[in-house]
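S.K.: After the sequence you'll find the predicted model.
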Amino acid sequence: MKIEELTPVDSTLEELGRRLAACRKQQSLSQTALANSAGLGVATLRRMEGGNDSQLGSWIKTLQALGLADALDAMLPEQLRSPMAEAKAARKQRGARSRRASAPPHSSADSTPWGDQAP
């Protein structure tokens with residue numbers, strides 16, 4: 001199941017629990033072995049895999065024990081850029097390029113007199 005913005009919290013917890021159990025089984029770990037490695041009680045891990053609400057600290061310890069701590073960074077990246085900020089940055093960059101491309105080249109040999117300059 002894909003977790004999306006409108007996915008209910010209960011459904012999200014159930015899906016995360018299912019994924020956690022699948023990762024544990026893929027690494028051939030028992031619930032007891034993973035719980036011990038993460039420094040948690042087996043009952044806590046069972047609740048997590050069952051889709052019950054649990055503490056974020058328990059998830060962090062479990063993901064670290066599974067070698068999946070990089071998933072935490074993907075969950076909430078350090079640098080968040082809004083779509084509006086991305087669009088503004090792209091527009092600014094395009095504008096700077098077009099101004100540079102359309103600007104006449106500067107030349108000291110320019111023969112056009114300006115203001116008080118002698119022809």
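M.R.: Here it is on my side, so go on.

S.K.: and residue 52, helix, strand or coil?
M.R.: What DSSP: H, G, I helix; E, B strand; the rest coil gives for residue 52 is coil.

S.K.: Can you get me a residue count around it?
M.R.: Applying other CB atoms under 10 Å, we find 13 residues neighbouring residue 52. Heads up, the C-betas are built off the backbone N, CA and C, glycines and all.

S.K.: doesn't residue 13 make contact with it?
M.R.: Yes - the criterion here is CB atoms under 8 Å, and residue 52 meets it with residue 13 at 6.9 Å.

S.K.: In stretch 58-69, which residues are buried?
M.R.: 58-59, 61-63, 65-66 (16 or more other CB atoms under 10 Å).

S.K.: Tell me the one of those nearest residue 89?
M.R.: Distance to residue 89 across the buried residues of stretch 58-69 (CB to CB) is lowest for residue 63, with 32.4 Å.
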